[in-house]
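Chemist: after the sequence you'll find the predicted model.
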Amino acid sequence: MAFKQRARLFESIDYFVVRHLVVAQTQSVFPLRSSHTQTEVCVTVSGNALQTITIALVQRPLNLISDSPLVQETFDFVLESGGRATFTEISNSIFHLANATEDLAASLVADLVQNDPRFTIEAMHLTIRPNETETQSLGDIEFVVVDVEATAGKSIPTRLIEIGACRVSNGEIVAEFETLVNPELPLPPFISALTGITEDLLATAPSFSAIAEPWLNFAGDAVLAAHNSNFDVTLLNQEIARVFPGCRMRNTELCTVQLARRMMPDLEKHHLDALANHFGFQITERHRAAGDARATARVLLHLIDELEIRGVRTLGEARKYRARRNREQPELQLAFDS
């Protein structure tokens with residue numbers, strides 16, 4: 001394999017472990033020597049001195065998948081191939097390894113899509129698996145409703161300072177997860193004033209690396225719901241990538257803000273306070289992760305009840321559902337006010 005081609009391979013490897021390295025000049029395959037913590041690759045190229053490359057190994061939790069853009073490229077390629085493609089076809093198209101053996105191609109592809117629920121690995125093929133979660137009844141789905149509090153400021157990066165989550169099953173909250181997180185950064189005064197979280201509290205809190213696996217175990221394979229999931233889940237994945245480089249959570253997501261906007265277009269505002277007021281309950285511990293997660297879980301349960309009344313049964317149908325705006329409402333409201 002030419003070095004130009006090999007550069008493409010290593011550039012694409014954000015996390016997954018390479019099990020073999022092919023050197024085209026000698027047409028040889030060099031097995032890697034593995035341990036629990038690192039893998040060493042010894043390669044001799046064009047008469048040069050022996051070179052050793054060390055690749056760190058990280059045990060990937062089952063609900064993490066590679067965040068490499070090549071995963072999406074692989075998905076698109078297999079989908080365009082009719083939902084099924086050989087490992088050598090994928091290796092050639094995605095990794096640009098035209099001369100890869102079947103075993104090497106299978107190993108590379110398997111590492112790339114490890115734990116990704118969209119794929120099924122067959123003997124010599126990769127296939128697209130139907131997304132069963134999208135066709136499940138909303139009442140049968142287990143949700144983990146999550147909220148995070150974070151640092152924010154122009155001069156410091158955004159980092160988690162608290163995670164709160166509720167597991168929702170069969171229409172009720174059945175378990176909770178709550179922890180402060182030491183961001184290892186100064187806490188802006190306005191964040192402390194908003195949340196009541198102080199630097200003294202964070203000084204004794206665990207780092208995210210210490211609570212990453214407990215959080216992932218709690219989340220499991222549940223659908224992650226959040227009020228503005230683009231913020232909460234994205235920030236969680238950023239922290240996860242610091243502990244498990246090149247990885248992100250594989251969980252299906254549902255944003256309750258977007259769902260509420262589609263369901264209730266006539267409601268003036270769709271932030272958490274507005275929805276709690278609309279559904280008739282008070283939020284306790286506002287701007288704390290656990291309190292906001294409980295409130296979001298209650299909002300989600302109200303939305304699911306309303307969806308069932310409107311004949312929306314599955315998660316996929318909920319994503320597509322859009323209520324019509326009531327055009328007569330402003331005139332009726334003016335008549336009532338007068």
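Modeler: It's in. Note that this is a predicted model, so its numbers are computed, not measured. Numbers count the residues shown, from 1 in each chain.
Chemist: pLDDT at the closest residue to A289 other than its chain neighbours, what is it?
Modeler: Once flanking residues are discounted, A289 sits nearest to G164: 3.1 Å by C-beta to C-beta, 6 or more residues apart in numbering. The C-beta positions use only the backbone N, C-alpha and C, and glycine is treated the same way. pLDDT for G164: 98.
Chemist: how about the one 4 residues further on?
Modeler: Model confidence at V168, given as pLDDT, is 98.
Chemist: got the contact list for it?
Modeler: Contacts for V168 (C-beta atoms under 8 Å, 6 or more residues apart in numbering) come out as E142, F143, V144, V145, V174, A225, A297, L300, L301.
Chemist: again with E73
Modeler: Contacts of E73 (C-beta under 8 Å, 6+ apart): I94.
Chemist: from V109, how far out is it?
Modeler: Plainly put, E73 is 12 Å away from V109 if you go by C-beta to C-beta, to the nearest Å.
Chemist: burial count for A203?
Modeler: When neighbours are defined as other C-beta atoms under 10 Å, A203 has 10 of them.
Chemist: contacting residues for it?
Modeler: N182.
Chemist: quick check: the gap between it and L180.
Modeler: As judged by C-beta to C-beta, A203 and L180 stand 10 Å apart.
Chemist: next: A123.
Modeler: A123 sits 48 Å away from L180, going by C-beta to C-beta.
Chemist: looking at those two, which is more packed in?
Modeler: Under the criterion of other C-beta under 10 Å, the comparison of A123 against L180 puts L180 first, with 20 against 7.
Chemist: gap between that one and M264?
Modeler: Shown here: L180 relative to M264, a distance of 34 Å by C-beta to C-beta.
Chemist: quote the end-to-end distance of stretch 189-207.
Modeler: One end of stretch 189-207 to the other measures 20 Å (C-alpha to C-alpha, to the nearest Å).
Chemist: got a list of what the spatially most central residue of the chain touches?
Modeler: The residue lying closest to the centre of the chain (C-alpha atoms, centre = their mean) is M249, at 3.4 Å. Counting by C-beta under 8 Å, 6+ apart, M249 makes contact with N63, L64, I65, L216, A219, L224, V233, L236, N237, I240.
Chemist: ok, now how distant is it from A212?
Modeler: In terms of C-beta to C-beta, M249 sits 11 Å off from A212.
Chemist: cool, E172 as well?
Modeler: E172 sits 27 Å away from A212, going by C-beta to C-beta.
Chemist: likewise R294?
Modeler: Taking C-beta to C-beta, one finds R294 at 23 Å from A212.
Chemist: now T101
Modeler: Distance of T101 to A212, given as C-beta to C-beta: 36 Å.
Chemist: where along the stretch 151-300 of the chain do the helices fall?
Modeler: Ranges of helices in the stretch 151-300 of the chain, per DSSP state H, counting those that start in this stretch, are 189-195, 199-203, 208-219, 229-243, 256-263, 272-279, 289-309.
Chemist: tell me the most buried of those helices?
Modeler: Most buried of those, by mean neighbour count (mean count of other C-beta atoms under 10 Å): helix 289-309, with a mean of 21.
Chemist: tell me how far that one lies from the chain's centre.
Modeler: Helix 289-309 has its C-alpha centroid displaced from the chain centroid by 21 Å (C-alpha atoms, centre = their mean, to the nearest Å).
Chemist: and stretch 202-220, by the same measure?
Modeler: Centre-to-centre, stretch 202-220 and its host chain are 16 Å apart (C-alpha atoms, centre = their mean).
Chemist: and the average pLDDT for it is what?
Modeler: Stretch 202-220 shows an average pLDDT of 97 in the prediction.
Chemist: so where's the stretch 1-150 of the chain uncertain?
Modeler: 1-59 (pLDDT under 70).
Chemist: joint contacts of M249 and A212?
Modeler: I240.
Chemist: E122: neighbour count?
Modeler: By other C-beta under 10 Å, 11 other residues sit near E122.
Chemist: now do K154
Modeler: Neighbours of K154 under the rule other C-beta under 10 Å: 5.
Chemist: what about it, distance to P188?
Modeler: Taking C-beta to C-beta, one finds K154 at 10 Å from P188.
Chemist: just T284 next, same as before
Modeler: Per C-beta to C-beta, T284 is found 24 Å from P188.
Chemist: give me the more crowded residue out of those two.
Modeler: Neighbour comparison, T284 and P188: the larger count goes to P188, with 15 against 11 (by other C-beta under 10 Å).
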